[in-house]
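Novice: Return atomic coordinates for the entry below.
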Amino acid sequence: MGTSAATSAFLLVPRHVVAGSGEDAPSAKLNIAGIGIGGMGAGNLANLESQNIVALCDVDLNYAAGTIAKYPQAKVWTDYREMLEKQKDIDAVLIATPDHTHAVIAMAAIKAGKHVYCQKPLCHDIYEARMLAQAAAASKVATQMGIQGHSSEGFRLICEWIWAGAIGEVLEVDAWCSLSYYPWGHAAWSSKFGAGRPADTPAVPDKLNWDLWLGPAPERPYHPAYHSAVWRCWWDFGNGMMGDRGAHTLDSVVSALKLGPPISVEATSCGLNPETHPLSAIVTFQFPARQGLPPLKLTWYEGTRPPRPAQLEAGQNMPDEGGVIFKGSKGVLMCGVYGDSPRLIPEAAMHALERPAKTLPRVKGSHEMDWVSAAKTGVQPGAHFGYSGPLTETCLLGNIAKRVDSRIEWDAANLKITNVPDANKYVRTEYRKGWSL
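Specialist: Purely as a prediction, here's the structure:
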């Protein structure tokens, strides 16, 4: 799945000379640092416990306390920059911070020669996605974005079935996430400030470095409406459901249909405002013909669902929370959020399917361990930044269309929206003073 072009002759460089020295060989355990470990990062680290967890970094040591207690042998840091500079035994980093700090941390780690696993979405704006993909390609490190469905059996079956012609030519796809961030902030605060910023300025909690939490984002006072788990709904910090779930759900679409960048994106949003992601939106992407495949219309439904497919029998349900409907000239394929439970509909079509040979390599173990294997073998994993960067760009274009509540035309080669000039301020956002990529 797009790995061959990005495969490079990198290997885990041992910390000592190997031959005859009795020191660790290149296939030995990775020394891993976790950055952003209070939430999703804790789960990622659990899948990496066969390696050496040597460092833990979080701007909120209270929020991260449970994870810190779990790995008492690891050195604890608050500032990732200081950690990368001073702790020399780190081979690789796991990044699971809020979206707006992904890019600056990932770029610093790549420049420091560390293998990088970064949670989805890869970054917060399109320029960051392009720069990370380029930096990763020029480096000799293994990279992986945290879209675990990419390593699954379902993901591979979707590609193999579509490529074998099981549903014919695909001209249209519906994808959705029926969840919403409303009420904004996921908490009672929203009843006080609606979609705007809270007016009160409570004290910054003990052991939280608010300046580091903000990172490159614009300055604003601390409030629990942002941290710890409610940042995703705010434009300055999160990418909404388009980034949160879209990065997962559109993954199988991009791979199975060999999508490059869209040529246009159009959105209609409900509850649009300058501060938070809308209550719901419908985003339509138009992709050109490519690699012998016809043009594609992809419609993303956020906070709502697409029309129920006529082929789905009464009594049968669409996937919970979200999924994909591939509409082919010979049939329809439906799957869940992560490419899970793929099936042709109606059920009679599934029973009649002559399953093609399994031609794609299968991942042994977790998505995280696929990245570890890449660091040791030199073969990039499936969701390397050369793949996940463009996938993220597509999701972020959807967000821009949502923000302008209109149709945008995209010049991918020049990173430019050509018909709505003012929308380009969202392609590359301005960093707070003191921060750079």
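
Novice: How many residues are close by residue 67?
Specialist: Neighbour count of residue 67, defined by other CB atoms under 10 Å: 23. For glycine as for every other residue, the C-beta is placed from the backbone atoms N, C-alpha and C.

Novice: Residue 425 too?
Specialist: For residue 425, using other CB under 10 Å, the count is 13.

Novice: Just the terminal-to-terminal distance for stretch 147-155.
Specialist: 11 Å (CA to CA, to the nearest Å).

Novice: now do stretch 112-126
Specialist: Stretch 112-126 stretches 23 Å from its first residue to its last (CA to CA).

Novice: Can you point out the buried residues in it?
Specialist: 114-126 (16 or more other CB atoms under 10 Å).

Novice: Also stretch 419-431?
Specialist: Buried, per 16+ other CB under 10 Å, within stretch 419-431: 423, 426-427, 429, 431.

Novice: would you turn those into TSV with secondary structure, pLDDT and distance to residue 74?
Specialist: Compiled in TSV, the buried residues of stretch 419-431 are given as follows (DSSP: H, G, I helix; E, B strand; the rest coil; pLDDT from 0 to 100; distance: CB to CB, whole Å):
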residue	secondary structure	pLDDT	distance to residue 74
423	helix	97	43
426	helix	98	38
427	coil	98	38
429	coil	96	33
431	coil	98	30
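
Novice: ok, of the buried residues of stretch 112-126, which one's closest to residue 135?
Specialist: The closest of the buried residues of stretch 112-126 to residue 135 turns out to be residue 116 (CB to CB; 9.7 Å).

Novice: what sits up against stretch 361-368?
Specialist: 44, 47-48, 94, 117, 144, 146-148, 150-153, 156, 370, 373, 381-383 (CB atoms under 8 Å, 6 or more residues apart in numbering).

Novice: Mind checking which of those are in helices?
Specialist: Using DSSP state H, the members of those that fall in helices are 44, 153, 156, 370, 373.

Novice: Quick check: the two most widely separated of the residues you listed?
Specialist: Counting by CB to CB, the most remote pair of the ones in helices among the contacts of stretch 361-368 is 44 and 156, 22.0 Å apart.

Novice: So which helix or strand of the chain has the lowest pLDDT on average?
Specialist: helix 190-193 (a mean of 60; mean pLDDT, DSSP states H and E).

Novice: Residue 56 is in contact with residue 73, correct?
Specialist: No - under the criterion of CB atoms under 8 Å, residue 73 lies out of contact with residue 56, with a separation of 10.1 Å.

Novice: Between the two, which has more neighbouring residues?
Specialist: residue 56 (25 against 7).

Novice: Outside of stretch 419-432 itself, list whatever touches it.
Specialist: 124-128, 214-219, 399-400, 403-404, 406-409, 415-417, 437.

Novice: Kindly supply the ChimeraX command isolating those of those residues that are buried.
Specialist: Applying 16+ other CB under 10 Å to the contacts of stretch 419-432, the buried members can be selected in ChimeraX as follows:
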select :124,125,126,127,128,214,215,216,217,399,400,403,404,406,408,409,417,437
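
Novice: Where strands are concerned, which of the contacts of stretch 419-432 count?
Specialist: Judged by DSSP state E, the contacts of stretch 419-432 include 407-409, 416-417 as members of strands.

Novice: what's the farthest-apart pair in the residues you listed?
Specialist: So, these by CB to CB: farthest apart are 407 and 416, at 15.2 Å.
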